[in-house]
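In: Okay, here's the prediction I keep looking at, along with the sequence it came from:
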Amino acid sequence: MMEAGIYQEIPNEDYHHGPGDSKSDLDRVRRSPLHYKANKDAANDNERTNTPTADQAFGSAYHTLILEPDEFWNRYVIVPEDAPKRPTITQRNAAKPSPATVEAIAFWDKFESDSTGKEIIDREDFDTLTKMAEVLSNHPAASALFNSAPGRAEMSAYWVDERTGLLLRCRPDYWREDGIIVDLKTTADASLEEFSRSLVKWRYHVQAPFYLDGTNEAIAQSGAKITRPTEFVFVAQEKKPPFAPACYVLDDEGMRIGRAQYRADLDRLAECKASNVWPGYGGQIQKIGVPVWYSKNAVEGGSV
């Protein structure tokens, strides 16, 4: 079993496939314990629900560019500007491909072979990443959060939950030495109103208290000589021009709700592990209605 503590050199892949339950695991428990169990039992990455989507892969690349710029070039390779268009399967299987297709196939076969072990980023995506980074560097609050105090990216914290005995983990994006944890989010809309919706949709309001409580517990249980975190700040940035960033701190009510939810998730997970019973959405016929927001809008809009 992993010992409680703060670890600086655990590779990202080892962290995500290693021991302990994370906030993402609790998200699956909240959906249903059956989803959690299916993900844990998956035989390979293709079956796991944490296989990154295109948006998540883009976000991971941006995290690396901002938080670990030296590591970026170890993990990623950019398609050259003069690269021919990637040949389609039909073009590859053609009986008599054109000379241009033959040349494109040769280029891409060599490029992909030379890039083994790295993720390939299209030129257009890389241009977007660099423009986002430039905008972020010019945002007063965001730039200060990442540059005004020393810190480390991607440190891993492990602790044992006292109430359930579960081994838990988290991996803050950027952990400042003055006790501020900074979390970088890429989003479609970073405005106050819309990002508050993202808080609920992606359970960021659970992440903030889970990370703050967890890192403090990991420090207490291990005796690590590191400043205890006291603040958790979201840096949200849009993925399309003008790539507007915004910085947010969750209010007390949001923290209270998030903490109550993750505690309920942990209790439910512990019960399922103890009983080895993993319910899904329920085994009985249930009554369902339209969402409250839809009902309200329908009445106000005069459609009922």
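Out: Great, that's in hand. Residues are numbered from 1 along each chain as shown.
In: The residue nearest to Tyr15 when sequence neighbours are not counted: what's it in contact with?
Out: Nearest residue to Tyr15, sequence neighbours excluded (Cβ to Cβ, 6 or more residues apart in numbering): Ser156, at 5.3 Å. (Each C-beta comes from the backbone N, C-alpha and C, glycine too.) Residues near Ser156 by Cβ atoms under 8 Å, 6 or more residues apart in numbering: Ile6, Tyr7, Gln8, Ile10, Tyr15, Arg169, Cys170, Arg171.
In: Let me know the distance separating the first one from Leu145.
Out: Taking Cβ to Cβ, to the nearest Å as the measure, Ile6 and Leu145 are separated by 20 Å.
In: likewise the fourth one?
Out: Shown here: Ile10 relative to Leu145, a distance of 24 Å by Cβ to Cβ.
In: the more surrounded of the two?
Out: Neighbours were tallied for Ile10 and for Leu145 using other Cβ atoms under 10 Å; the higher tally belongs to Leu145 (23 against 17).
In: Give the helix, strand or coil label for the more buried one.
Out: helix (DSSP: H, G, I helix; E, B strand; the rest coil).
In: can you tell me the distance between the two ends of stretch 5-19?
Out: End-to-end distance for stretch 5-19: 13 Å, by Cα to Cα, to the nearest Å.
In: which residues are in contact with it?
Out: For stretch 5-19, the external contacting residues (Cβ under 8 Å, 6+ apart) are 1-2, 50, 152, 154-158, 167, 169, 171, 215, 218-219, 221-222, 224, 226.
In: how about the strands in this structure?
Out: 5-7, 76-78, 119-121, 151-153, 156-160, 167-170, 174-176, 180-187, 231-238, 245-249 (DSSP state E).
In: Can you list the strands that the first one pairs with?
Out: Spelled out, it's strand 5-7. Its sheet considered, strand 5-7 pairs with strand 156-160 (antiparallel) by DSSP bridges.
In: same check, this time on the last one
Out: Applying DSSP bridges, strand 245-249 is found paired with strand 231-238 (antiparallel).
In: Buried by neighbour count: which residues of the strand it pairs with qualify?
Out: By neighbour count on 16 or more other Cβ atoms under 10 Å, the buried set for strand 231-238 is Phe232, Val233, Phe234, Val235, Ala236, Gln237, Glu238.
In: who's in contact with Asp189?
Out: Phe195, Ser198, Glu238.
In: Wait, the last one touches Glu194, no?
Out: Going back to what we said before, that points to Glu238. No - Glu238 is not in contact with Glu194 according to Cβ atoms under 8 Å; the separation is 9.8 Å.
In: So for those two, which residues contact both of them?
Out: Thr187, Ala188.
In: Do you have the helices of this protein handy? List them.
Out: Under the criterion DSSP state H, helices of the chain are mapped to 12-16, 23-31, 33-41, 54-67, 69-75, 89-92, 99-114, 123-137, 140-147, 192-201, 204-222, 252-275, 292-300.
In: Would you mind splitting the protein into its domains for me?
Out: 1-51+153-304, 54-138 (automatic domain parsing).
In: Now render those as TSV, adding mean pLDDT.
Out: Compiled in TSV, the domains of the chain are given as follows (pLDDT from 0 to 100):
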stretch	mean pLDDT
domain 1-51+153-304	93
domain 54-138	93
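In: Name the stretch among those domains that sits most buried.
Out: domain 1-51+153-304 (a mean of 16; mean count of other Cβ atoms under 10 Å).
In: so how far is that domain from its chain's centroid?
Out: Relative to the mean C-alpha coordinate of its chain, domain 1-51+153-304 is positioned 9 Å out (Cα atoms, centre = their mean, to the nearest Å).
In: Residue nearest the middle of this structure, spatially speaking?
Out: Gln56 (6.8 Å; Cα atoms, centre = their mean).
In: Relative to Gly18, how far out is it?
Out: 19 Å.
In: residues contacting Arg86?
Out: Counting by Cβ under 8 Å, 6+ apart, Arg86 has contacts Ala104, Trp108.
In: Actually, Tyr281.
Out: Ser32.
In: if we can go back for a sec, of the strands of the chain, which is nearest Asn276?
Out: Smallest distance to Asn276 across those (Cβ to Cβ): 17.9 Å, for strand 167-170.
In: And the contacts of that closest one?
Out: 1-2, 15, 18-23, 156-161, 210-211, 214-215, 266.
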